[in-house]
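S.K.: the sequence isn't on hand, but the structure is:
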């Protein structure tokens, strides 16, 4: 697949249960895609059996605006955004598109996103994943100040300011030091890598799970701060976030812990199989991962879930758990 001349593919899951606010979100998202300074792109929108039929019909109107650039897939089952992205990746792979740009239907890409990502891929043939930072916007597309953001979101953006994970083993730094790092709508990946490691059948944290396996499978991560995505988190109206749909805040974090753990443990096994790490390294990595995830959960006031991670770390290696807790200053919340 020719990165320099090939048509890049924006992959957009779509699900709407009403046709007012989210229609505006979609229009704003599409506007920035159409304004990309690199015009060699196509967009595949995968509707995840939206309950609002007017919203589904609107997709046909969108396609009419650019029938040679926009493609619509209408699913007959609802399986979540990860499944939709997998369908979009498969479509891009079969159409020999070298680059996939993930873009949720309410997030807004920088107009230079494709241009900068393509330049990075051309300059560095080993680069497999390009991700950028982001700014949070509300339902009115206004920037949300840091003091109104959740601790886990601030943790991500702060991580971008100080040595963001990059290179061929970024998954280790992400899993054991930084936590969640690259927002879906700020991530661009070589199509072949995305096709090899599909998103899991989950509706929470499915992206983080995939990023771990991308990296452990040999994907080199590159960070750029030049093309910040606008990440929409409605502040006063019901939004499309997985937190609002998947059992509320506690249910979201319980699922996140499970899916993140699955992604990291699978990444460890991939790396061992590929000879990237020694099998003796497994327990050390798992202990550090459990405690880092515990810290993130603690910041979100999910103390029981946080302490569950400590138990897993203790079961893996008690002495190492004590050492990491002491070195990281986790003893304010982690009990051993």
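M.R.: Noted; the coordinates are in hand. In this text, all values refer to a predicted model and were calculated from it rather than measured experimentally.
S.K.: the domain parsing of this structure - what is it?
M.R.: 8-245, 248-332 (automatic domain parsing).
S.K.: could you pull up the mean pLDDT of the longest one?
M.R.: In this case it means domain 8-245. Regarding domain 8-245, the rounded mean pLDDT is 94.
S.K.: same check, this time on the shortest one
M.R.: Along domain 248-332, the predicted local confidence has a mean pLDDT of 96.
S.K.: show the end-to-end separation of it, please.
M.R.: From its first residue to its last, domain 248-332 covers 27 Å (CA to CA, to the nearest Å).
S.K.: show me how far that domain is from its chain's centre.
M.R.: On the basis of CA atoms, centre = their mean, to the nearest Å, domain 248-332 is displaced by 19 Å from the centre of the chain it belongs to.
S.K.: going forward can the numbers begin at 15, since that is how I track them
M.R.: Sure, I'll start numbering at 15, so the last one becomes domain 262-346.
S.K.: using the three-state scheme, assign residue 149.
M.R.: strand (DSSP: H, G, I helix; E, B strand; the rest coil).
S.K.: dump the domains of the chain into TSV; add mean neighbour count as well.
M.R.: Placement of C-beta: from N, CA and C, glycine included. Formatted as TSV, those follow (neighbours: other CB atoms under 10 Å):
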stretch	mean neighbour count
domain 22-259	19
domain 262-346	18
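S.K.: out of those domains, which is closest to residue 15?
M.R.: Proximity to residue 15 (CB to CB) singles out domain 22-259 among the domains of the chain, at 3.6 Å.
S.K.: mind listing what residue 132 touches?
M.R.: Residues in contact with residue 132 (CB atoms under 8 Å, 6 or more residues apart in numbering) are 17-18, 22, 52, 113.
S.K.: same thing with residue 273?
M.R.: The neighbours of residue 273, taking CB under 8 Å, 6+ apart as the test, are 214, 216, 218-220, 222-223.
S.K.: tell me which of the contacts of residue 132 is nearest to residue 335?
M.R.: residue 113 (41.2 Å).
S.K.: residues in contact with stretch 165-178?
M.R.: 147-148, 150, 160, 163, 179, 192-195, 197, 237, 239, 247, 310, 313-314.
S.K.: can you tell me which of these end up in strands?
M.R.: Mapping the contacts of stretch 165-178 onto strands (DSSP state E) picks out 147-148, 150, 237, 239.
S.K.: what ranges does the chain have for its strands?
M.R.: All strands of the chain, identified by DSSP E, fall at 22-28, 55-61, 84-88, 113-116, 141-151, 201-204, 234-246.
S.K.: so the second one versus strand 22-28, what angle?
M.R.: Interaxial angle of strand 55-61 relative to strand 22-28 (axes from the mean of the first three to the mean of the last three CA atoms, to 10 degrees): 20 degrees.
S.K.: hmm, who's touching strand 55-61?
M.R.: With contact meaning CB under 8 Å, 6+ apart, strand 55-61 is reached by 21-29, 44, 47, 70, 73, 76, 83-89, 98-99, 101-102, 105-106, 109, 111, 115, 119, 128.
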